[in-house]
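A.B. asks: what's the 3D shape of this:
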Amino acid sequence: MDSFPSIANWDEERGKHYLVFEDRKRGGQWTLMRYADGRFSAHGRGGDYIDEDESFFDDLDAVASFLWENRSAYNAAAKQLVQV
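C.D. replies: The predicted structure is shown next:
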């Protein structure tokens, strides 16, 4: 998670790094975000749903669990960014 900024996109306006990847369970996409203060959040959106707000993680273990559940889609998106 410390290396997230090195593989993620930067949103200058909102001051955060982000990575968009497939939400295979709901058929849409996740955006995982890390703010300058180190907090992580996630937001989901798809053709027939949109999360009302970002969900902030309580700690790094919760981020790790989220990534583990979505590891295949996350890894595929991260590999594409690293190759660019």
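A.B. asks: Look up phi and psi at F4.
C.D. replies: phi -50, psi -50 (degrees, to the nearest 10).
A.B. asks: from what I can see it touches M33, true?
C.D. replies: No: judged on C-beta atoms under 8 Å, F4 makes no contact with M33 at a distance of 9.5 Å. Where C-beta positions appear, they are placed from N, C-alpha and C, glycine not excepted.
A.B. asks: Give me the helices and strands touching the host helix or strand of A76, please.
C.D. replies: Per DSSP states H and E: A76 is located in helix 71-83. Judged by 3 or more C-beta pairs under 8 Å, 6 or more residues apart in numbering; DSSP states H and E, helix 71-83 is in contact with helix 4-7, strand 16-23.
A.B. asks: and the spatially most central residue of the chain, what does it touch?
C.D. replies: A centroid search over the chain (C-alpha atoms, centre = their mean) returns L32, at 1.5 Å, as the residue closest to the centre. Residues near L32 by C-beta atoms under 8 Å, 6 or more residues apart in numbering: F4, A8, Y18, L19, F21, F40, S41, A42, F66, L67, Y74.
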